[in-house]
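Participant: Just a sequence and a predicted model for now, questions to come.
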Amino acid sequence: SQELEQSPQSLIVQEGKNLTINCTSSKTLYGLYWYKQKYGEGLIFLMMLQKGGEEKSHEKITAKLDEKKQQSSLHITASQPSHAGIYLCGAGNTGTASKLTFGTGTRLQVTL
Amino acid sequence: KAGVTQTPRYLIKTRGQQVTLSCSPISGHRSVSWYQQTPGQGLQFLFEYFSETQRNKGNFPGRFSGRQFSNSRSEMNVSTLELGDSALYLCASSLHLGPYTDTQYFGPGTRLTVL
């Protein structure tokens, strides 16, 4: 079965600093989802990457999919307190139902 | 459009009891998936329903079951509750079957505590 490993597990950054979260898959990535979760709440959809080399941006968050490395990265520019939360990557098997496997999550804290 | 709604938001039960959780997908969405989230195991897939049929099931015991109604609303049931069933149960809905064809949107979750 597919496993997704995220690094780092937790991150504390000062407001205004940039940061990167990585998600590495044990199997070929056909695509990848990024979600954000506030503690104890539901997941908020951030981005979906479908093709190798694809890069998407939304506000100050950029995500990229590297198919060859079986890896995706999420980059936040000029972090803000509103970026704090748990970031989760998720992947599924192409051609099948929406059964997603999720990474262990990266907890981000943004200090003032 | 209203998002995915889950009821109840919080639930406290005792061991041996059973529980039913409800999920209403976004209007027009026909696929509903359920996930269990715990500190130890993270987010794990339970099952998925599409057009009232279970299409996929995760590695959970038979005590966990679900169903989907003709209006796409879904329920999951856990019988003979164990302490380890304490978790956040998340429901997600999407338009079509299959990953990367569209996005799964998650509800706020139901926090189940088993005493």
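Facilitator: Alright, I've got the coordinates.

Participant: and residue 43, what is it in contact with?
Facilitator: No chain specified, so I'll use chain A. Taking Cβ atoms under 8 Å, 6 or more residues apart in numbering or on different chains as the definition of contact, the neighbours of residue A:43 are A:35, A:36, A:37, A:88, B:90, B:92, B:106. For every residue, glycine as well, the C-beta is placed using N, CA and C.

Participant: please go with chain B instead
Facilitator: Residue B:43 makes contact with A:88, A:90, A:102, A:105, B:35, B:36, B:37, B:90 under the criterion Cβ under 8 Å, 6+ apart.

Participant: List the strands paired with the helix-or-strand element of chain B with minimal mean pLDDT, with their directions.
Facilitator: Across the helices and strands of chain B, mean confidence by mean pLDDT, DSSP states H and E is lowest for strand B:53-57: a mean of 90. Take DSSP bridges as the rule and strand B:53-57 pairs in its sheet with strand B:42-50 (antiparallel).

Participant: returning to what we had before: following the least confident helix or strand of chain B, which helix or strand comes up?
Facilitator: strand B:64-68 (DSSP states H and E).

Participant: burial count for the closest residue to chain B within chain A?
Facilitator: Taking Cβ to the nearest Cβ as the measure, chain A has residue A:92 as its residue closest to chain B, at 3.2 Å. Using other Cβ atoms under 10 Å in any protein chain shown as the criterion, residue A:92 is surrounded by 22 other residues.

Participant: Residue B:84 too?
Facilitator: Residue B:84 has 10 neighbouring residues, counting by other Cβ under 10 Å.

Participant: coming back round to it: could I get the buried residue list for the least confident helix or strand of chain B?
Facilitator: Neighbour-count burial for strand B:53-57 flags B:55, B:56 (criterion: 16 or more other Cβ atoms under 10 Å in any protein chain shown).

Participant: swap in stretch B:82-94?
Facilitator: Taking 16+ other Cβ under 10 Å as the basis for neighbour counts, the residues of stretch B:82-94 that come out buried are B:85, B:86, B:87, B:88, B:89, B:90, B:91, B:92, B:93, B:94.

Participant: does chain A sit close to it?
Facilitator: Yes: Stretch B:82-94 lies within reach of chain A by Cβ under 8 Å from any Cβ of the partner chain, at B:88, B:90, B:92, B:94.

Participant: For the residue sitting nearest the centre point of chain B, which non-adjacent residue is closest in space?
Facilitator: With the centre of chain B defined as its mean C-alpha position, the nearest residue by Cα atoms, centre = their mean is residue B:34, 3.0 Å away. In this structure, residue B:34 finds its nearest non-sequential neighbour in residue B:46, 4.1 Å apart by Cβ to Cβ, 6 or more residues apart in numbering or on different chains.

Participant: One more: residue A:3?
Facilitator: With Cβ to Cβ, 6+ apart as the criterion, residue A:3 has its nearest non-adjacent residue at 4.3 Å, and that residue is residue A:26.

Participant: Many thanks, we can stop here.
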